[in-house]
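Participant: Fold the following for me, if possible:
(2 chains)
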Amino acid sequence: MNGEQLKTTLPAGKPDYVKVAQSSEFKDYMQKRKKFIVPYTIFFMVFYFLLPICTSYTTFLNKPAIGDISWVWLFAFAQFAMTFILCIIYVKKAGALDKQADKIIKEQIGGGLQ
Amino acid sequence: MSATVIVLFLAIVLLTLVITYYAAKHTKTTGDFYTAGGGLSGLQNGIAISGDYLSAASFLGIAGAIALNGFDGFFYSIGFLIAYLVVMFLVAEPLRNLGKYTLADMINSRFDARKVRGSAALSTITISIFYMIAQLVGAGALIQLLFGIDYWIAVLIVGVMMTIYVLFGGMIATSWVQITKAVLLMVGMIVISFLVLKEYNFNIGTMFSEVKHVTSHGAAYLEPGLKYTQPLSTISLMLALVLGTAGLPHILMRFFTVRDAKSARSSVVSATWIIGIFYILTLFLGFGAAAFVGDTKIIAANPGGNMAAPLLAEALGGEFLFAFISAVAFATILAVVAGLVLSGASAFAHDLYGEIFKKGQATEKQQMLAARYAALGVSVLSIILALFTQYLNVAFLVSLAFCMAASANLPVILYTIYWKRFNTSGAVTAILTGLISALVFVSMSPSVWSPVEGAALFVGNPIFPLDNPALVSVPLGFLGGYVGTLLSKESDPVRYAEVKVKANTGYREQA
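Facilitator: Numbering: from 1, shown residues only, chains lettered A, B, ... in the order given. Predicted coordinates for the structure are as follows:
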């Protein structure tokens, strides 16, 4: 249970992480992860901050949308819908990459040990 | 205090003690103590995470804020919810892959530097203690209201209970108390929301139409701007909410209680669903309280609106529902403060004592003893501080805790995982700049200074205009880390390759 055994100089038996990190499999995996994490993160942050920005600087969201429910409430509810949808998308995308991560561990790291 | 209230109150106390008894039997190693041995399932941990989140402040505070301020109260619900996307997309899995017990473990997986560990521990301890004083003072006031007992007795009861859970049952007891309470709380929320909706024949449109007329604000109640009138202040608050969550130590610690990144992922997913549903229900509670209790009565019971939910329960469900909601509110307080004690204690015992003072050479027995002493120390310290701060307006402590978490912890977490050039001096400057700037700006803000006597801590004009300085202090935290990194030539691409591979694939070396 000693978590501090890691040294910068590589002792024998320690995987060559630089080699793994530079392998085309790992680079491909990272590329795929970035490709969904970065755009979605930008999207939800923009969508989120649009709400206080719109309510602070404009009043157009106060117009009624459905009966007495105004657009600002619909925008607020849309934040909930977005959260649930992105949650589902994240699980799907991250789950799809799990196999590739396991493969990298098995072929690139696991084989190099012992 | 009625007999029903007493019986339910005692039932909660008894139930949590039984949980602690069983948990104590399974708490044998420091791993059990800090992280329940990493043995919680994704769903269990997800419920526990939502439990950590659904503090008395969210449950009673947001219901009250919506009841009194309409749409502006709902801002909190949205901010806390979207925060989960930040945790899910950027933090949860790499954190689980790199860390062991504490935030400092995770950052130090890249650095092995005592000054980095020390800074991270300092920020964890500061945030946990400030946040806990706010919770305890709020809890004392609330229990005083709910059960009609003196403030100091109320604080002592909560303090003694949280100490017992953590001291004997560690993270296993804390998690199961949290899970039990989260389930009870959801049941309570669903029942009240159902009763509110029933009054409107289950028509949400009717609810909006009627609420428009019942409050003293009229149509403005349903529009933003009732409470938050300054644009930058609103945006700054929203920034603190969405980023602060991803840096609160007692929330981060929850990702070490599962086996691997996949369970960490599934726990964020269950937590997101539970919290999402919960925050939608806060709307029914808030509107219901505005309509069926009325703002005059809510403010008379507590100016902050904290009694809105229990009073609504009484109005719609009678004495039993009031007693049930009060007991659940009590359980909520207990579970959240226990989690805070644990995160503070882990930074003291694991980071400062075990890794820095003993250089990682402490025996298992010494570590366990240190963990328990630290838990006791953190509890006693917070109880004493809470007893002396009864008459202080502690709202600023909550904003301070969120702001510190967003400014001091989040930049260093993101840099550690994603920035190749990042180094030890950058890690130290990121944490310290964030921590100090949050502290300095809050202490100059309207949360601390108000020209109206009693409205804030001191009487006077605030030098800094924003209640919550996240808009300035978060960029400063990032900037501090950036400048600190560039000022030092040190850089270790080999070590970063290791961190990058581990953080993203979940590979662990067998120790």
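
Participant: what's near enough to touch the residue positioned nearest the centre of chain A?
Facilitator: Nearest residue to the geometric centre of chain A (CA atoms, centre = their mean): A:I37, 3.6 Å. Neighbouring residues of A:I37 by CB atoms under 8 Å, 6 or more residues apart in numbering or on different chains: B:89-90. C-betas here are computed from N, CA, C, even on glycine.

Participant: in the helix or strand hosting it, what's buried?
Facilitator: Under the criterion DSSP states H and E, the helix or strand holding A:I37 is helix A:24-57. Neighbour-count burial for helix A:24-57, counted by 16 or more other CB atoms under 10 Å in any protein chain shown, picks out A:26, A:29-30, A:33, A:36-37, A:40-41, A:44-45, A:47-48, A:51-52, A:54-56.

Participant: And stretch A:32-42, how far out from the chain middle?
Facilitator: Counting by CA atoms, centre = their mean, to the nearest Å, stretch A:32-42 is centred 6 Å from the centre of its parent chain.

Participant: can you check stretch B:97-111 too?
Facilitator: 20 Å.

Participant: Can you give me the distance of B:V269 to chain A?
Facilitator: Note on B:V269: its distance to chain A, by CB to the nearest CB, to the nearest Å, is 6 Å.

Participant: So which bits of the stretch 151-300 of chain B are right by chain A?
Facilitator: Contacts of the stretch 151-300 of chain B with chain A, taken as CB under 8 Å from any CB of the partner chain, map to B:204-205, B:208-209, B:212, B:222-225, B:228, B:230-231, B:234-235, B:238-239, B:242, B:262, B:265-266, B:269, B:272-273, B:276, B:279-280.

Participant: where in chain A is pLDDT low?
Facilitator: Low-confidence segments of chain A (pLDDT under 70): A:1-13, A:110-114.

Participant: same thing but at 50, please
Facilitator: A:1-11, A:112-114 (pLDDT under 50).

Participant: And B:G434, how close does it get to B:G247?
Facilitator: Going from B:G434 to B:G247 by CB to CB, to the nearest Å gives 9 Å.

Participant: To what extent is the nearest residue to B:L311 once chain neighbours are set aside buried, counted in neighbours?
Facilitator: Using CB to CB, 6 or more residues apart in numbering or on different chains and skipping the chain neighbours, the partner closest in space to B:L311 is B:V293 (4.6 Å). By the measure other CB atoms under 10 Å in any protein chain shown, the count of residues near B:V293 is 22.

Participant: And for the one 3 residues further on?
Facilitator: With neighbours defined by other CB under 10 Å, the count for B:T296 comes to 9.

Participant: after the helix or strand harbouring it, next one along is what?
Facilitator: In this structure, B:T296 sits in helix B:295-301 according to DSSP H and E. Downstream of helix B:295-301, the first helix or strand assigned by DSSP H and E is helix B:308-346.

Participant: so how far is the next helix-or-strand element following that following helix from its chain's centroid?
Facilitator: On the C-terminal side of helix B:308-346, the nearest following helix or strand under DSSP H and E is helix B:364-388. With CA atoms, centre = their mean as the basis, helix B:364-388 stands 19 Å off its chain's centre.

Participant: Helix B:364-388 vs helix B:308-346, what angle?
Facilitator: 140 degrees (axes from the mean of the first three to the mean of the last three CA atoms, to 10 degrees).

Participant: Can you tell me what sits against helix B:364-388?
Facilitator: A:1, B:29-30, B:33-34, B:128-129, B:132-133, B:136-137, B:140, B:152, B:155-156, B:159, B:162-163, B:166-167, B:170, B:337, B:341-342, B:344-346, B:348-350, B:353-354, B:358, B:362.

Participant: next structured bit after it?
Facilitator: helix B:395-404.

Participant: Tell me what angle that following helix forms with helix B:308-346.
Facilitator: 50 degrees.

Participant: Average pLDDT for helix B:395-404, rounded please.
Facilitator: For helix B:395-404, mean pLDDT rounds to 82.

Participant: residues near B:A219, how many?
Facilitator: Count around B:A219 with other CB under 10 Å applied: 13.

Participant: What score does the residue lying closest to it once chain neighbours are set aside have for pLDDT?
Facilitator: The shortest distance from B:A219 to any non-neighbouring residue, by CB to CB, 6+ apart, is to B:K212 (5.5 Å). pLDDT for B:K212: 85.

Participant: Surely B:K212 touches A:D68?
Facilitator: Yes. B:K212 is within contact range of A:D68, at 5.5 Å (criterion: CB atoms under 8 Å).

Participant: Which stretches in the stretch 401-511 of chain B count as helices?
Facilitator: B:410-418, B:424-443, B:470-487, B:493-505 (DSSP state H, counting those that start in this stretch).

Participant: any idea of the angle the shortest one forms with helix A:24-57?
Facilitator: To tie it back to what came earlier, the one meant is helix B:410-418. 160 degrees.

Participant: before we move on, what about the longest one?
Facilitator: What separates the directions of helix B:424-443 and helix A:24-57 is an angle of 10 degrees, with the same axes, to 10 degrees.

Participant: and helix B:424-443, does that touch chain A?
Facilitator: No. Counting by CB under 8 Å from any CB, chain A is not contacted by helix B:424-443; separation bottoms out at 11.9 Å.

Participant: Does that helix pack against any helices or strands, and if so which?
Facilitator: When contacts are defined as 3 or more CB pairs under 8 Å, 6 or more residues apart in numbering or on different chains; DSSP states H and E, helix B:424-443 packs onto helix B:103-111, helix B:114-147, helix B:395-404, helix B:410-418, helix B:470-487.

Participant: do the third one and chain A meet?
Facilitator: I take that to be helix B:395-404. No. Residues of helix B:395-404 are not located near chain A by CB under 8 Å from any CB, the shortest gap being 15.6 Å.

Participant: Just the residues contacting that helix, thanks.
Facilitator: Outside helix B:395-404, the residues touching it (CB under 8 Å, 6+ apart) are B:57, B:123, B:126-127, B:130-131, B:133-134, B:137, B:237, B:240-241, B:244-245, B:247-248, B:304, B:434-435, B:438-439, B:441-442, B:445, B:447-448, B:456-457, B:467-470, B:473.

Participant: didn't B:V499 look like it was pressed against B:Y418?
Facilitator: No. Using CB under 8 Å, B:V499 makes no contact with B:Y418, being 10.0 Å away.

Participant: which one of those two has more residues nearby?
Facilitator: B:V499 (25 against 15).

Participant: Would you check how far apart that one and chain A are?
Facilitator: Shown here: B:V499 relative to chain A, a distance of 8 Å by CB to the nearest CB.

Participant: List the contacts of that residue.
Facilitator: Counted by CB under 8 Å, 6+ apart, B:V499 has contacts B:98, B:109-110, B:416-417.

Participant: could you pick out which of the residues you listed are near chain A?
Facilitator: B:S109.

Participant: Let's see if you can find the most crowded of the contacts of B:V499.
Facilitator: B:T416 (28 neighbours).

Participant: Pull up the per-residue confidence for it.
Facilitator: B:T416 is given a pLDDT of 94.

Participant: unless I'm mixing things up, it is touching B:N108, no?
Facilitator: No. B:T416 is not in contact with B:N108 according to CB under 8 Å; the separation is 9.1 Å.

Participant: Ignoring the adjacent residues along the chain, who's closest to the residue lying farthest from the centre of chain A?
Facilitator: What lies farthest from the middle of chain A is A:G67; by CA atoms, centre = their mean that is 37.6 Å. Leaving aside its chain neighbours, A:G67 sits nearest to B:G205 (4.3 Å; criterion: CB to CB, 6+ apart).

Participant: Any figure for the gap between the one you found and B:V440?
Facilitator: Counting by CB to CB - B:G205 and B:V440 are separated by 48 Å.

Participant: swap in A:G95?
Facilitator: In terms of CB to CB, A:G95 sits 44 Å off from B:V440.

Participant: Likewise for B:V214?
Facilitator: 43 Å.

Participant: Return the helix or strand hosting the residue nearest to B:A219 as CSV; C-alpha atoms alone will do.
Facilitator: Here B:K212 sits within helix B:204-214, counting by DSSP H and E. Output in CSV follows, covering the C-alpha atoms of helix B:204-214 (Å, rounded to 0.1, in the frame of the first residue of the first chain):
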residue,chain,number,x,y,z
ILE,B,204,-47.7,22.8,-14.3
GLY,B,205,-49.2,25.6,-16.4
THR,B,206,-51.8,26.2,-13.7
MET,B,207,-49.1,26.3,-11.1
PHE,B,208,-47.2,29.0,-12.9
SER,B,209,-50.4,31.0,-13.5
GLU,B,210,-51.4,30.9,-9.8
VAL,B,211,-47.9,31.5,-8.4
LYS,B,212,-47.8,34.7,-10.5
HIS,B,213,-50.6,36.1,-8.3
VAL,B,214,-49.9,34.8,-4.8
